[in-house]
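K.L.:
Sequence and predicted model, in that order:
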Amino acid sequence: MNLTNLKCTLVFVIAICSAGLVCADPVTYVIDSRHSYPAFEADHQGGLSIWRGKITSTSGSIIMDREAETGSVNAELDMNSIDFGFEPMTNSAKDHVVFAEEFPVATYSGELADFVDGTPTAVKGSLTLHGVTNELDLTINRFLCKPHFQHGREVCGADASANFDRSTYGLMYGLDGVFLPFVNLLISVEAVVPAGDSADL
């Protein structure tokens, strides 16, 4: 592209951005910890049953640009908030499985991907758990943004899932023939435009 064509292209892009047709700014959404609960399923005694639990304290942000079909996710999970719904197992997980005192926070970061009509259907990212970082992609099964029914600010919600082998994170408890290593993640998250943000609802 020669200099004249480049200048014409820049003028065109500036003009259509000024008209509000494209080039919308990315919007930042803050994860609502009251409505965001990463849940998990794990084996109990080699197929005897499946135990389900959740992390009850999650924070972070989601940035999304629908026009450009790009975005990112950054989340922190408080591993001390792990809850199996059965206190002895919860305490055992903290003491022997997750080592919450040594690794109190798990993190997930990734890029929104595979957009369909402005809606992401996947996250390409990585999970840091128990001091180990591995690639972990999420499938977004449902995604919706709309004005909140109380305060009017835009809120986005998603249901996502993934699975991994916990041995790849050094979580070896019970893997000597007693337990199976699979973990299924079932993630429910809501994130909202902060008060005072000028993003268009």
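P.N.:
Here it is on my side, so go on. In this text, all values refer to a predicted model and were calculated from it rather than measured experimentally. Numbers count the residues shown, from 1 in each chain.
K.L.:
Next, the buried residues of whichever helix or strand Ser92 is part of.
P.N.:
Ser92 is located in helix 87-92, with elements delineated by DSSP states H and E. Neighbour-count burial for helix 87-92, counted by 16 or more other CB atoms under 10 Å, picks out 89-90. For glycine as for every other residue, the C-beta is placed from the backbone atoms N, C-alpha and C.
K.L.:
Tell me the helices and strands packed up against that helix.
P.N.:
Contacts defined by 3 or more CB pairs under 8 Å, 6 or more residues apart in numbering; DSSP states H and E place helix 87-92 against strand 49-55.
K.L.:
Where does pLDDT dip in the protein?
P.N.:
1-24, 96-100, 196-201 (pLDDT under 70).
K.L.:
residue boundaries of the strands in it?
P.N.:
Along the chain, counting by DSSP state E, strands occupy 27-31, 37-44, 49-55, 58-65, 70-78, 82-83, 105-113, 122-129, 132-135, 138-147, 154-165, 182-192.
K.L.:
Nearest to Asp95, out of those?
P.N.:
strand 82-83 (11.2 Å; CB to CB).
K.L.:
gap between Glu67 and Gly174?
P.N.:
Using CB to CB, to the nearest Å, we find Glu67 at a distance of 48 Å from Gly174.
K.L.:
still on that earlier bit, same list (the strands of the chain) but as TSV, adding distance to Asp95.
P.N.:
Compiled in TSV, the strands of the chain are given as follows (distance: least, CB to CB, whole Å):
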stretch	distance to Asp95
strand 27-31	28
strand 37-44	16
strand 49-55	15
strand 58-65	22
strand 70-78	16
strand 82-83	11
strand 105-113	17
strand 122-129	16
strand 132-135	19
strand 138-147	29
strand 154-165	22
strand 182-192	18
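K.L.:
Show me the one of the ones you listed that comes nearest Thr90.
P.N.:
strand 82-83 (5.6 Å).
K.L.:
elements contacting that closest one?
P.N.:
Using 3+ CB pairs under 8 Å, 6+ apart: strand 82-83 touches strand 49-55.
K.L.:
Which strands and helices lie in contact with the strand it packs on?
P.N.:
strand 37-44, strand 82-83, helix 87-92.
K.L.:
partners of the first one, with directions?
P.N.:
Same thing as strand 37-44. strand 49-55 (antiparallel), strand 182-192 (antiparallel) (DSSP bridges).
K.L.:
Tell me which of those strands sits most buried.
P.N.:
Mean neighbour count, computed with mean count of other CB atoms under 10 Å, is highest for strand 182-192 among these, reaching a mean of 19.
K.L.:
Residues contacting that one, please?
P.N.:
29-32, 35-43, 58, 61-62, 75, 138, 148, 153-166 (CB atoms under 8 Å, 6 or more residues apart in numbering).
K.L.:
One more: stretch 87-106?
P.N.:
51, 53, 55, 76-80, 82-84, 127-131, 171, 173.
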